[in-house]
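*Asks:* Please work out how this folds:
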Amino acid sequence: MIFASVPSPLSIQRLREYLLEWFVKHERHHAHATGRFLLLAWIGFLGMPAYYTIWTYWFPQEFESLTLRLAGAALCLPALAPGRLLRGRFVDAYLFVAVTYVLPFQFIFMYLMNHGSAVWSQSLLIALIVLFHFRTRWALAACASGTVLACVLFALVGDPAFLLSHTVLEQLPIYAFTIVAVSVAKAGRGALAREKLAGMAYALASVSHELRTPLVSVEANVRGIARRIAPPARASEADWQAMGEAMARIQYEVRHMTHMIDLFLLSASAVEQQLEATEVLSMREVVDSVMRRYPFAAQSQRDAVSVDIRTDFRFAGKHELSVVILLNLLRNALKALHRAGKGRIRIVVDGRPERPRLLVIDTGCGIAARQLPLIFQRFYSYPPSSGAGIGLALCKDIIDAWQASIRCVSRELGYTIFVLEFPRVAAAPDPH
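*Replies:* Predicted coordinates:
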């Protein structure tokens, strides 16, 4: 069994803080399953030898295997090693093999070799609960693979007749119920999150529509006043100039708010859209579109943003959703510059790597190490008053649906880099 004894709340808090900072240091901000496995890997790496000792010397069981334990710990080791071992095209295969071995295969095989003892029947139940906190289809595939391998190995080295014994068969309904219950509970949490998102999107759209009408009216009246008003005889040139500047500022603020409403409506509609890719797009064109559409507050704000097209590339996605992603990242970067009172923003399009990428780099306030692993969580925002916490979570949902990836590297008070990597799409054939 891979679970060690429970430490004190204080030590848990310290361990959690250390792990979060360690994850940031080694840039392990990848898919949800990857982050979950990193925590499991720590437990497995430490728990394998610990529970070998417990079940061999303290509470001896019928069967234990140091070889199986060491193999499990070795499979966990790459996730804990420094550097970039959990990057690249083989990461998904590694995760599947490691989780399949550590959870269903080892627990089922040990359960069978110990002839369904109480210790191993309960341990297997816990392993299934942990396993099905991963994506359901992925967990089912791992469970099926691990079960088959464990049964085959047991048939070769143990008593094959035990596979169909009453001891084994009476546990199957319990394990099946556990799998269904965990999956349903997980689906229920997802449904609640979707309902909350839909409610926020509806409220955002309603407020935006309500704001649009008075803003249009204000802008129309400002234009009318500016056309009709005549300089009074007693007003100085400076007074008239100040009045004209005030009218211009009102018009600018109205236009800015109108553009922001368009951005809010676009984000709200994206929440309820089908996210799957249906178009092949040029990243240069998407960036150009965002730079045209973004409601910069002033020319100085626009001047703080530079675009570096190293090599354009094409990717599978949806145009409006790609605009939502980049608008959100640009908006967050501008907020970081505002909070820091300094900095610049670079948007880099680089189609040369094996996986073409888009970089959004700002030298604003940065993100604290303890907050960095949480930024893609739905409804999480930092500072708490900075928003509803759906922007980056929505970006990640869209990116995941396109089989791409998004991660963030940051140093507090220094910089923030969002790295978006896309599967390469073959260039369209030349019609000539």
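*Asks:* all contacts plus neighbour counts: C-alpha atoms, from now on.
*Replies:* Noted.
*Asks:* Quick check: residue 330 touching residue 359?
*Replies:* No. Residue 330 is not in contact with residue 359 according to Cα atoms under 8 Å; the separation is 10.9 Å.
*Asks:* which of these two has more neighbours?
*Replies:* Neighbours around residue 330 and residue 359, counted as other Cα atoms under 10 Å, are more numerous at residue 330. The numbers are 22 against 19.
*Asks:* so what's the backbone phi/psi at that one?
*Replies:* With angles defined as degrees, to the nearest 10, residue 330 sits at phi -70, psi -40.
*Asks:* Name the residues linked to the nearest residue to it once chain neighbours are set aside by a beta bridge.
*Replies:* Closest residue in space to residue 330, ignoring its immediate chain neighbours: residue 360 at 7.5 Å, by Cα to Cα, 6 or more residues apart in numbering. Beta-bridge partners recorded for residue 360 (DSSP bridges): residue 347, residue 418.
*Asks:* what's around residue 360, how many residues?
*Replies:* 20.
*Asks:* now do the one 10 residues further on
*Replies:* Applying the criterion other Cα under 10 Å, we find 16 residues in the vicinity of residue 370.
*Asks:* likewise residue 295?
*Replies:* 22.
*Asks:* Now do the helices in the stretch 251-400 of the chain.
*Replies:* 283-293, 299-303, 319-340, 391-401 (DSSP state H, counting those that start in this stretch).
*Asks:* Switch these over to TSV; also include mean pLDDT and distance to residue 95.
*Replies:* TSV is the format used below for the helices of the stretch 251-400 of the chain (pLDDT from 0 to 100; distance: least, Cα to Cα, whole Å):
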stretch	mean pLDDT	distance to residue 95
helix 283-293	93	31
helix 299-303	89	43
helix 319-340	90	28
helix 391-401	85	17
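*Asks:* what angle do the one helix or strand residue 46 maps to and helix 391-401 make?
*Replies:* Residue 46 is part of helix 32-53 when elements are defined by DSSP states H and E. With axes from the mean of the first three to the mean of the last three Cα atoms, to 10 degrees as the basis, helix 32-53 and helix 391-401 are set at 90 degrees to each other.
*Asks:* Tell me which other helices or strands the helix or strand just after helix 32-53 touches.
*Replies:* Counting by DSSP H and E, the next helix or strand C-terminal to helix 32-53 is helix 66-80. Where contact means 3 or more Cα pairs under 8 Å, 6 or more residues apart in numbering; DSSP states H and E, helix 66-80 is packed against helix 32-53, helix 91-100.
*Asks:* Out of those, which gets nearest to residue 344?
*Replies:* Closest approach to residue 344 among the helices and strands packed on helix 66-80 (Cα to Cα): helix 32-53, 30.6 Å.
*Asks:* between that closest one and helix 91-100, how many degrees?
*Replies:* Using the same axes, to 10 degrees: helix 32-53 against helix 91-100 is 30 degrees.
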